[in-house]
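Enquirer: predicted model and sequence below, questions to follow.
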Amino acid sequence: MENKRKYWIFDKSQKELEKYCIISGFKKYGATQVMKWIYRRKIFDFAEMTDLSKSLRKKLANNFCAETPKIVDTKYEEDSDGYSKKYLIKLLDGETIESVLINYRNRKTLCVSSQIGCRMGCVYCETSGLGFIRNLTSGEIISQILVIENDIENKITNIVFMGMGEPLDNIVEVEKSLDIISDANFIAVAPRKITISTCGILSTLPNIENHKYKIAISLNAADNITRSKIMPINKKFPIENIVRLINNRKPSIHNKITIEYVLIKDINDHIENTKKLIKMFSPSKVKFNLIPLNKEKKSIYLKDLETSDSDTITDFKSKLFKAGFTVTIRFSKAQSVNGGCGQLKAEKIYSQ
Ligand code: SAH
């Protein structure tokens, strides 16, 4: 049988593989065994899965393909605290996506993409400029981790869905990928080490919340007029809905929602905005992550936008900090790789 007529094993959930094993006359547990080989040992050749019966190995090889996407380009940047490595990964259909590894102190954080392009239309985001091409499948999301763990010969410790795309606009595949990523038998990154960043699609947010993943919401404005101008999704889910949802949660230090705020000169960086933010939120429920706008030199999409001045950024931070909030500033480390989305960032805690 040709490869193209086989199922791609990385797209199969544990339940789907269990069903396959049972229907094919094997024990249900065969599914867990295969998945352990793939996700824990990174063995992709069924013939090498020696605790499976020969007949199951043969059957799997006939029905499934375990070809991994390929790294086609990388960019490496180092500083005193660690390094970031940006990967361009070619999927099996030839489309390319970006993932960024941020190796900082003891953490190896991988920023993964959930879509190719995006349909949310945020004006400050390079991915929006690409338009929407397609959703990634769960296997394509998971395989970003696999190929990069293979490349660094080490485990990823944290995952952030902050690459290309809007994860909650691809909720089915994202949730399916998370089942395998967070399963202690498989990729084994604990839910509290996984952050889903969203522009605020509040209708699907509870699916993610119930599983104890961390949530980051890109707010980027303190009033609806500004937010709707820069983030069209605000017309559907305005600021007051986000505030209500957050304020109705039980307070928990370990599970605060992160409010992401990209600072764009003269658009959303007036210091008055901090007063509104302080009024809206409570330090027990949210923390702030301020992100100086990152703009590629050649960007056409972001041509009219500028990064806020460093004094403004410091002021903005200090006002929120004095009101009792935890505030971090995210600096951009990774540079763009050919046609990259330009929004993948390295995160650094800004020391007080
Ligand atoms: N769609 C999701 C996740 C992708 S964006 C979301 O909107 O949150 C990931 C992060 O990058 C978000 O915090 C977003 O606000 C930020 N971002 C996007 N474009 C940026 C830019 N040009 N400069 C700085 N940060 C940017």
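Expert: Cool, the structure landed.
Enquirer: show me the strands in this structure, by range?
Expert: All strands of the chain, identified by DSSP state E, fall at 7-8, 64-65, 70-79, 82-90, 96-104, 107-111, 115-117, 132-135, 158-161, 194-198, 214-218, 257-263, 286-292, 327-329.
Enquirer: mean confidence (pLDDT) on the fifth one, please.
Expert: Summarised as a single mean, pLDDT over strand 96-104 is 91.
Enquirer: next one: the first one
Expert: Averaged across strand 7-8, the pLDDT comes to 96.
Enquirer: from the middle of its chain, how far away would that strand be?
Expert: Chain-centre distance of strand 7-8: 24 Å, with Cα atoms, centre = their mean, to the nearest Å.
Enquirer: got it, and the fifth one?
Expert: The chain centroid and the centroid of strand 96-104 are separated by 10 Å under Cα atoms, centre = their mean.
Enquirer: angle of that strand against strand 107-111?
Expert: 160 degrees (axes from the mean of the first three to the mean of the last three Cα atoms, to 10 degrees).
Enquirer: now swap in the third one and tell me
Expert: Going by the same axes, to 10 degrees, strand 70-79 is angled at 130 degrees with respect to strand 107-111.
Enquirer: by mean pLDDT, flag the weakest helix or strand of this protein.
Expert: The helix or strand of the chain with the lowest confidence, counting by mean pLDDT, DSSP states H and E, is helix 205-209 at a mean of 77.
Enquirer: and the nearest residue in space to A221 that is not next to it in sequence, how many residues sit next to it?
Expert: Leaving aside its sequence neighbours, A221 sits nearest to R227 (Cβ to Cβ, 6 or more residues apart in numbering; 3.7 Å). Just so you know, the C-beta spots here come from the backbone N, C-alpha and C atoms, and that holds for glycine as well. By the criterion of other Cβ atoms under 10 Å, R227 has 23 neighbours.
Enquirer: circling back: in CSV: the strands of the chain, plus distance to D315 and mean neighbour count.
Expert: Formatted as CSV, those follow (distance: least, Cβ to Cβ, whole Å; neighbours: other Cβ atoms under 10 Å):
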stretch, distance to D315, mean neighbour count
strand 7-8, 50, 16
strand 64-65, 55, 18
strand 70-79, 25, 13
strand 82-90, 28, 20
strand 96-104, 26, 24
strand 107-111, 28, 21
strand 115-117, 35, 23
strand 132-135, 37, 16
strand 158-161, 27, 23
strand 194-198, 25, 22
strand 214-218, 21, 22
strand 257-263, 11, 23
strand 286-292, 11, 22
strand 327-329, 12, 19
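Enquirer: the residue nearest to E18 when sequence neighbours are not counted and the ligand, how far apart?
Expert: Of all residues not flanking E18 in the chain, A31 sits nearest, at 4.2 Å (Cβ to Cβ, 6+ apart). Using Cβ to the nearest ligand atom, to the nearest Å, A31 is found at 32 Å from the ligand.
Enquirer: next, count neighbours for the residue nearest to L245 when sequence neighbours are not counted.
Expert: Leaving aside its chain neighbours, L245 sits nearest to L202 (5.9 Å; criterion: Cβ to Cβ, 6+ apart). Other residues lying near L202 total 17 when counted by other Cβ under 10 Å.
Enquirer: these two touch, right, L202 and R244?
Expert: No: using Cβ atoms under 8 Å, L202 makes no contact with R244, being 9.3 Å away.
Enquirer: tell me the pLDDT at F331?
Expert: For F331, pLDDT reads 68.
Enquirer: how is this protein partitioned into domains?
Expert: Following automatic domain parsing, one gets these domains for the chain: 2-65, 70-350.
Enquirer: ok so, going back, CA atoms only: put the least confident helix or strand of the chain into CSV for me.
Expert: Taking C-alpha atoms only, helix 205-209 is exported to CSV below (Å, rounded to 0.1, in the frame of the first residue of the first chain):
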residue,chain,number,x,y,z
LEU,A,205,-12.8,29.0,26.4
PRO,A,206,-14.5,26.8,29.0
ASN,A,207,-13.4,23.6,27.2
ILE,A,208,-9.8,24.5,27.9
GLU,A,209,-10.4,25.9,31.4
